[in-house]
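Colleague: pasted the sequence and its predicted model underneath.
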Amino acid sequence: WHVRSATGGGRADVPPREAVPDPAWPADPYGLRRSRGQLTATALPSRQDVAGFIHSLNRTKQRNRELHSQRCDFLIKLQVAKEMRDEKRIYFPHNIDFR
């Protein structure tokens, strides 16, 4: 298993490499709809279907933005670890004052 492989990530807090795929548009938009007391045939999805799709799409895009951020953060930490691997001693302070 390799972090940078095509299927890498998803284990040990390593973010997955692939983005979450976008949701599919409502599959079967054809149907009957009652509007102003009339029953009509339409090829348009209902408002609820469109709202659900948009909500799902927004959640997916947000998750992909989060994964991208996690990947960048992980690669920075990995680069620092590679640069420090040959050091004889590393000091990890337990109490840091940021004032």
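Modeller: Noted; the coordinates are in hand. Residues are numbered from 1 along each chain as shown.

Colleague: and the strand or helix carrying residue 73, what's buried?
Modeller: Counting by DSSP states H and E, the element that carries residue 73 is helix 47-84. Using 16 or more other C-beta atoms under 10 Å as the test for burial, helix 47-84 gives 49, 53, 67, 71. Bear in mind the C-beta positions are built from the backbone N, C-alpha and C, glycine included.

Colleague: dump the residue contacts of the second one.
Modeller: Residues in contact with residue 53 (C-beta atoms under 8 Å, 6 or more residues apart in numbering) are 23, 25-26, 45.

Colleague: show the buried residues in these.
Modeller: Neighbour-count burial (16+ other C-beta under 10 Å) applied to those gives residue 45.

Colleague: and which of the contacts of residue 53 is nearest residue 95?
Modeller: Of all the contacts of residue 53, residue 23 has the smallest distance to residue 95: 46.3 Å, by C-beta to C-beta.

Colleague: just checking, that closest one touches residue 55?
Modeller: No: using C-beta atoms under 8 Å as the test, residue 23 is too far from residue 55 to be in contact (9.4 Å).
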